[in-house]
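# quick one, what's the 3D model for this:
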Amino acid sequence: MVGRTSVRSGALAPLSGSLWRLARVVPPQAESATRTQPARPPERGPFGPLRAADGNGVALPEGFSCRIVGRSGERVGGVTWHAAPGGGACFPDGDGWIYVSNSDVPLLGGVSAVRFEPDGTVGGGYRILSGTDHNRAGAATPWHTWLSCEATPLGRVFECDPYGYRAGLPRLPMGRFRHGGVAIDPDRGVVYLVEDEPDGCLYRFRPEDWGDLTTGTLEALAGTTGEQAAIWKPVRNPSAMSVPAREQVQGARRFDGAQDCHYADGFCYFTTRGDGRVYAYDAVNERVTVLYDGGAQPYDHDGEARPYEPGNGVMTTRGGLFVAEDDGVMEINVIARDGVVSPFLRVEGHVEGHEGSRITGPAFSPDGGRLYFSSQRGAHQAGSANPRGSANPGGGGSTGAGITYEVSGPFRG
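Numbers count the residues shown, from 1 in each chain. Predicted coordinates for the structure are as follows:
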């Protein structure tokens, strides 16, 4: 996440659909019991029923409209839009704003940015990071920079300038490992990072000076599976090329494919793909609990039972919560204050050829009036290698001819 100036715990941020369905409905303090999967969302939500899909293949409620702002391989305000768009965020820019987007492709990865004028027209496009590898997760910092993370065995965290004035630079003290997610805790002045490996760790980075990520201490959570008490131990050499960071801490606690890390109100939430769990780290009381156990009954979609897969999401500052589903379900749903989940938009796969794609990079403009997201396309194509054994774990979109959208309308309603 990159971008800084005073992001509180309730600010806009990416998060997991399954994580936030449960984080809103189930208090983190009541975490011991196994949670059931959410029921299929009703067709009518607080914004009204979905209309038929428009010419872009996107179904929206009355009063909302959608436009395409970028297609992979095509020019957007002076830059060729990247393949496999991943994590994204918005930053204020005078009376306008900027949307940044990771590129989850090998070797060429990086990050692109689009600058929007106050009336929403595209004012320019440019690269803020190039030549990196499988940039997937990211986070906006309180001082308006973008942290772009590589999802490779020796992946790095790059701190990028969304305004395009300074080159993106690696922050090696934050560790070299397969980054599954990153979250900013401004209340304690730390950064949480999760590792997308079958035996990955939960890390926290404590900068020597908050706002400066060039120096600091990287620690890994230690303890046994099922233990709640949090014990943090330092990683001896975070930037080591030979000994993985997760092997440098004796007694490090293991998580099976951790990803979708998010901080809010004293809790760091993250999901694990391998066992379908949602964890909550209580930063105040320093304990880790299982908020949801994926062993529960499957999620029902269109009458077909299937395991619920974590997706991506974005939280608004007005109490509404927008979450995206994964595993081929191309929807963004809204969670109302009472916990009811309903669809806000649906991308029809047969219209634009989105079969096998997923929704990535949801982010609201600074004024909350526009929602950006991408169809990564190709992220989960049939015949792709098993994520655990491939060079592209986690379903990265190395072949994704992505499309990035903007939705505008009466979100404040």
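# name the element Gly138 belongs to?
For Gly138, the host element (DSSP states H and E) is strand 135-140.
# partners of that strand in the sheet?
strand 143-150 (antiparallel) (DSSP bridges).
# any idea of the mean pLDDT for the helix or strand just after the partner strand?
Proceeding N to C from strand 143-150, the next assigned helix or strand is strand 157-160, under DSSP H and E. Here strand 157-160 scores 98 as its mean pLDDT.
# parallel or antiparallel, which strands does strand 157-160 pair with?
Sheet pairing for strand 157-160, using DSSP bridges, gives strand 143-150 (antiparallel), strand 169-170 (antiparallel).
# helices of the stretch 201-350 of the chain, residue ranges please.
349-352 (DSSP state H, counting those that start in this stretch).
# can you show me the strands along it?
202-209, 212-222, 231-234, 258-264, 267-272, 277-282, 287-292, 299-301, 304-306, 313-315, 321-324, 331-335, 341-347 (DSSP state E, counting those that start in this stretch).
# which secondary structure elements does the last one contact?
Strand 341-347 sits against strand 44-45, strand 58-59, strand 331-335, with contacts defined as 3 or more Cβ pairs under 8 Å, 6 or more residues apart in numbering; DSSP states H and E. For every residue, glycine as well, the C-beta is placed using N, CA and C.
# returning to that earlier point: out of the strands paired with strand 157-160, which comes closest to Gly274?
Smallest distance to Gly274 across the strands paired with strand 157-160 (Cβ to Cβ): 19.1 Å, for strand 143-150.
# pull that closest one out as PDB, backbone CA atoms only.
What follows is strand 143-150, C-alpha atoms only, in PDB (Å, rounded to 0.1, in the frame of the first residue of the first chain):
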ATOM      1  CA  TRP A 143       2.600   9.600   3.900                       C
ATOM      2  CA  HIS A 144       1.300   9.000   0.400                       C
ATOM      3  CA  THR A 145       3.600   6.400  -1.100                       C
ATOM      4  CA  TRP A 146       2.700   3.100  -2.500                       C
ATOM      5  CA  LEU A 147       4.200  -0.200  -1.200                       C
ATOM      6  CA  SER A 148       4.300  -2.700  -4.100                       C
ATOM      7  CA  CYS A 149       5.200  -6.300  -3.100                       C
ATOM      8  CA  GLU A 150       6.700  -9.000  -5.300                       C
END
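# next, the angle strand 258-264 makes with it.
Interaxial angle, strand 143-150 versus strand 258-264 (axes from the mean of the first three to the mean of the last three Cα atoms, to 10 degrees): 170 degrees.
# how far off centre is strand 143-150?
12 Å (Cα atoms, centre = their mean, to the nearest Å).
# ditto for stretch 265-273
Taking mean C-alpha positions (Cα atoms, centre = their mean), stretch 265-273 and its chain are 12 Å apart.
# one more: stretch 164-175?
19 Å.
# what do you get for stretch 370-378?
With Cα atoms, centre = their mean, you get 12 Å for stretch 370-378.
# tell me the mean pLDDT for it?
85.
# what's the neighbour count on Thr225?
Here the number of neighbours of Thr225 (other Cβ atoms under 10 Å) works out to 8.
# that should have said Ala167, apologies.
11.
# which one is it nearest to, not counting chain neighbours?
Nearest residue to Ala167 in three dimensions, chain neighbours excluded: Asp161, at 7.6 Å (Cβ to Cβ, 6 or more residues apart in numbering).
# how about the one you found, what does it touch?
With contact taken as Cβ atoms under 8 Å, 6 or more residues apart in numbering, Asp161 is in contact with Ile128, Thr145, Trp146, Ala167, Gly168.
# where does the closest residue to Gln259 other than its chain neighbours fall, secondary structure wise?
Using Cβ to Cβ, 6+ apart and skipping residues adjacent in sequence, the residue nearest Gln259 is Gly180, 3.6 Å away. Assessed by DSSP H and E, Gly180 sits inside strand 179-185.
# got it, and Ala113?
strand 111-116.
# what's the first helix or strand after that strand?
strand 122-129.
# give me the sheet partners of that following strand and which way each runs.
Going by DSSP bridges, the partners of strand 122-129 are strand 111-116 (antiparallel).
# can I get the CA coordinates of the strand holding Gly138 in CSV?
The C-alpha coordinates for strand 135-140 follow below in CSV (Å, rounded to 0.1, in the frame of the first residue of the first chain):
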residue,chain,number,x,y,z
ASN,A,135,3.9,-7.3,-8.3
ARG,A,136,0.7,-8.4,-6.6
ALA,A,137,-0.1,-7.1,-3.2
GLY,A,138,0.3,-3.5,-2.1
ALA,A,139,-0.7,-0.8,0.4
ALA,A,140,-1.0,2.9,0.7
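# reformat the strands of the stretch 201-350 of the chain into TSV and put distance to Gly409 next to each item.
Formatted as TSV, the strands of the stretch 201-350 of the chain follow (distance: least, Cβ to Cβ, whole Å):
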stretch	distance to Gly409
strand 202-209	38
strand 212-222	37
strand 231-234	44
strand 258-264	25
strand 267-272	28
strand 277-282	30
strand 287-292	31
strand 299-301	25
strand 304-306	31
strand 313-315	15
strand 321-324	13
strand 331-335	12
strand 341-347	10
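# closest one to Arg115 among those?
It's strand 313-315; of the strands of the stretch 201-350 of the chain, that one is closest to Arg115 (Cβ to Cβ) at 20.0 Å.
# now, of the contacts of Asp161, which are buried?
Taking 16 or more other Cβ atoms under 10 Å as the criterion, what is buried in those is Ile128, Thr145, Trp146, Gly168.
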